[in-house]
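J.: the sequence and its predicted three-dimensional model are supplied below.
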Amino acid sequence: MHLGNGIICPVTGLPMLAIAGATAYYAYKKAKTDFTKDKVLPTVAITGLVFALQMINFAIPATGSSGHIVGGILLAALLGPYAAFLAMCAILLVQAVFFADGGLLALGCNIFNMGFLACFVAYPLLFKPLADRNKTFLGAVIASIAALQLGSIAVVIEGALSGAVASSAVLNFTGLMQAIHFPIGVVEGVVTGIIAALASVVDRKKLSYTFAGISVILAGVISQYASQKPDGLEWSLLNISDSVVMQTQGVLYNISEVLQAKMSIFANMPYTSGSLAGLAVVAAIVYLFGLRLSKNLVDENAK
């Protein structure tokens, strides 16, 4: 579901980037009110796991497409919505900057589609009410499906507002995006439900080390065997290719492309080392940010 620069024009991309930035600031202010130092390691571990899971594209039978877990509901279920949103921002930033996975102009859209809608819509409205009634697994499945469906609709709207998708193709594009992301949401919901259930009964520290080990295996080994078929967004765009006008003109687009080409150093490294380097950078960003959040709480309590 990672939008590239060619689908989003500055008129859409820049306001969405501002919205994402404002939301991140709001999430930071809210997260620091209860983020203690003992939460740093679990936050790093689950963020690393989601980063690694996003590398694993699995084939969707009978479609010629593939999908991967997004992880917004998983992050929110284990970290709460505010820390989860910040974690997703870190993941998507590293992917865009160091891997050229998702455009810089489209970064705000991607954060909104995969982070905001999961953490601040699907999680509080669907997952939490069911989890509070001891129906965590059901909540995980329903919320994960809803988050991906909402995200896919947002992609359509953003593409249409940018002029990349002709108005005559909007309904067809919507149908394709909804259809292909439904099975992805089901798989994500099952995985999220299982992990959330484990997190409720396993010691947090042990679980964090387990997540860290699984992340290294996923990123360094298993990701090499991920499906190479087009993902859900690419597959949908291919099916309406006659109605897609790539937004590749303008100074901002050119600057974005040049910057991304120079910064995406991990994309040009051998696969295993690049993947592990990306995982390490995500972990470092979240670790440092987690320490900052916990320090803010200590400083405020000392006043």
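T.: Nice, thanks for sending it over.
J.: state the distance from residue 236 to residue 67.
T.: Residue 236 sits 11 Å away from residue 67 when distances are taken as C-beta to C-beta, to the nearest Å. Any C-beta I mention is one placed from the backbone N, CA and C, and that applies to glycine too.
J.: buried stuff in the worst-scoring helix or strand of the chain on mean pLDDT?
T.: For the chain, the helix or strand with the lowest mean confidence is helix 271-302, at a mean of 86 (criterion: mean pLDDT, DSSP states H and E). For helix 271-302, the neighbour count (16 or more other C-beta atoms under 10 Å) marks 274-279, 281-283, 285-287, 289-290, 293-294, 296-297 as buried.
J.: check stretch 217-231 too.
T.: Within stretch 217-231, the residues that qualify as buried by neighbour count (16+ other C-beta under 10 Å) are 218, 219, 220, 223, 229, 230, 231.
J.: residue contacts, the residue nearest to the last one when sequence neighbours are not counted?
T.: Of all residues beyond its chain neighbours, the one nearest residue 231 is residue 66 (5.5 Å), with distances taken as C-beta to C-beta, 6 or more residues apart in numbering. Remark: with contacts taken as C-beta atoms under 8 Å, 6 or more residues apart in numbering, residue 66 is in contact with 57, 58, 59, 60, 226, 227, 228, 229, 230, 231, 232.
J.: mind checking the SS state of residue 66?
T.: Local secondary structure at residue 66 is given as strand here, using DSSP: H, G, I helix; E, B strand; the rest coil.
J.: which strand residues bridge it?
T.: In this entry, residue 66 is beta-bridged to residue 59, residue 231, by DSSP bridges.
J.: now do the helix or strand hosting residue 189: which elements does it pack against?
T.: Taking DSSP states H and E as the definition, residue 189 sits inside helix 170-199. Using 3 or more C-beta pairs under 8 Å, 6 or more residues apart in numbering; DSSP states H and E as the contact test, the elements touching helix 170-199 are strand 58-60, strand 65-67, helix 72-79, helix 136-161, helix 232-239.
J.: could you give the angle of it to helix 72-79?
T.: 30 degrees (axes from the mean of the first three to the mean of the last three C-alpha atoms, to 10 degrees).
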